[in-house]
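Trainee: My questions are about this predicted structure, shown below with the sequence.
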Amino acid sequence: MIRRTLPPDPPRLISTLLLALLTACTRPAADASSDAGDTPTTRPNIILISIDTLRADHLGCYGYPRDTSPRIDALARESLRFQYAYAQASWTLPSHMCLMTSQYPHVHGVQRESQSLADAGVTLAEALSAGGYHTAAFISWIYVSRKFGFAQGFDEFTELLPTKDQIDNATTAAYKAEEVSDRAARWLDKQSPDKPFFLFVHYFDPHIDYDPPPPFDALFDRGYAGSASGKYAWLSTFIKELHHQPRRIAPRDLEHVVALYDGEIRYVDTYVGQLLDALQRKVGLDNCLIVLTSDHGEELDDHGSMEGHQWTLYEEVIRVPLIIRPPGRRPRTAVVETPVELIDVASTLLASAGVATPTAFQGGNLFDLPSRGLPAARPLFGEIQRHNRRQFVRNGRYKLIHTDDIGKNSRGVPVVAGHELYDLSADPRETVNLARDNAELVRTLTAELEQMLTLTPESGRTAPRAASLSDTERRQLESLGYVGAGQPAPAP
Ligand SMILES: [Zn+2]
């Protein structure tokens, strides 16, 4: 198999409305009259919004009862919303690389902070640039920076990263959403209507530390009088992978920490709304194809630990929101139950832009789903190779997680190697490991997992380049639980 295509079975779970919607959304934006923008284009402007560390199930449009996301929910109401979108890794660098290259982690090869995308690697921005798009990015964390190859294909690449003085004095950990949206809006002011653009905007706010500015810090837990904090320094004592015998967070403290995380989401939602307002004013949303997603989720004691992310592959860290608002004014609402992967996003955007898909891309076109079918025969895959080595494969209702036997993880804590098997239909929170009593199913899914690891595009795999961190960068990453002491997981 060269490029992973969507299976040929007829759709079973997709809304019947979807076929008409997707047919409509493949038409150029200029076909749709617009009362909002005055710069119709023959091809849509493309806006890709990534909100770091955003669990799908903490958004209102994904059923969360707390009002964390009014603007994103409003966007989702006029979009295709993918109920089961999976990241291919549970931390920022490899996951964003999958999003941008449409390749699985073992193919693009960027799985640790010592690795950067090869020059020969092909990115979404490069493909769109070659197809006539003006390309620009605003990123707010080092793991999505030029250092790791993310600038490839961008005409303008703005890194909103703290200065050395800010890091040394711990005054600014990362740029806030307000600044990111403001910078992107100012960039929009300068765009010419003559050429479609691709704009990538990366927000960092829901990531640890959970410290939203007022009033978002107290929005969801006004009465708390305890000492719990959203800072990594406080939360790290509850992380299983760091301690042989981690403490367990108290229920009331957990409530408060979750309220802080949710406050970050509501804060970033406000400024995503500001970006959408700017797009409406400058070019009209009807002339845009907008994607909103995340690179991974976050564990908030779901599996007995305040793990954050980067360590495991449970649903709370790999299921992400995926909302795609097609161009035009036609009805666009649909909930897609088909499980999909982040590597599908780039292929979908290129198809919508009328740009040929590079042979290096492994993702499918999500707009083909109605005619190309559904999920049962389509495995989904992801992996991490950093502090430990884990892979997952999901096929239909079952999900297998495999943990390699490497003895101890990068922090010296013993690794429990082996298989975990979950029935996501009956047990969506992955509480009961069925592996011991279902050896045949484990064998079948293990074979599928091994098959996924052999997938290689026609263009072959690229060996990553070496990347290195400065002392300042290393100190900043250590303060949020990255890098630090210990040895990396052994090479495959
Ligand atoms: Zn991230």
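Mentor: The structure has been received and is ready for your questions.
Trainee: can you map out the helices along the stretch 351-492 of the chain?
Mentor: Along the stretch 351-492 of the chain, counting by DSSP state H, counting those that start in this stretch, helices occupy 369-372, 439-454, 471-479.
Trainee: Out of those, which one sits most buried?
Mentor: Of all these, helix 369-372 carries the top mean neighbour count, a mean of 20, counting by mean count of other C-beta atoms under 10 Å. In this view, the C-beta of every residue, glycine as well, is placed from N, C-alpha and C.
Trainee: The helices of the stretch 351-492 of the chain: which one's closest to the ion?
Mentor: helix 471-479 (12.1 Å; C-beta to the ion).
Trainee: what's the neighbour count on whichever residue of the chain sits closest to the ion?
Mentor: With C-beta to the ion, the shortest gap between the chain and the ion falls at residue 92, namely 3.0 Å. With neighbours defined by other C-beta atoms under 10 Å, the count for residue 92 comes to 26.
Trainee: With adjacent residues omitted, what lies nearest to it?
Mentor: residue 143 (3.9 Å; C-beta to C-beta, 6 or more residues apart in numbering).
Trainee: The ion contacts on the protein?
Mentor: 52, 92, 295 (C-beta under 5 Å from the ion).
Trainee: Now the first one: phi and psi?
Mentor: Spelled out, that is residue 52. phi -60, psi 140 (degrees, to the nearest 10).
Trainee: Tell me who's in contact with it.
Mentor: If you count contacts by C-beta atoms under 8 Å, 6 or more residues apart in numbering, residue 52 has them with 92, 141, 202-207, 294-295.
Trainee: which parts of stretch 219-230 are buried?
Mentor: If you call a residue buried by 16 or more other C-beta atoms under 10 Å, then stretch 219-230 has these buried ones: 219-221, 224, 228-230.
Trainee: ok, now stretch 307-323?
Mentor: Buried, per 16+ other C-beta under 10 Å, within stretch 307-323: 307-323.
Trainee: just stretch 403-419 next, same as before
Mentor: Buried residues in stretch 403-419 (16+ other C-beta under 10 Å): 403-404, 406, 409-411, 413, 415, 419.
Trainee: Out of these, the closest to residue 240 would be?
Mentor: Closest approach to residue 240 among the buried residues of stretch 403-419 (C-beta to C-beta): residue 413, at 7.7 Å.
Trainee: tell me the pLDDT at that closest one?
Mentor: Residue 413 carries a pLDDT score of 83 in this model.
Trainee: what ranges do the strands span in the stretch 301-450 of the chain?
Mentor: For the stretch 301-450 of the chain, strands defined by DSSP state E, counting those that start in this stretch occupy the ranges 319-320, 322-325, 334-336, 340-341, 380-385, 389-395, 398-403, 418-423.
Trainee: my bad, should have said the stretch 151-300 of the chain
Mentor: 156-159, 197-203, 288-293.
Trainee: could those strands be laid out in a markdown table, adding mean neighbour count and mean pLDDT?
Mentor: A markdown table is the format used below for those (neighbours: other C-beta atoms under 10 Å; pLDDT from 0 to 100):
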| stretch | mean neighbour count | mean pLDDT |
| --- | --- | --- |
| strand 156-159 | 17 | 97 |
| strand 197-203 | 26 | 98 |
| strand 288-293 | 24 | 97 |
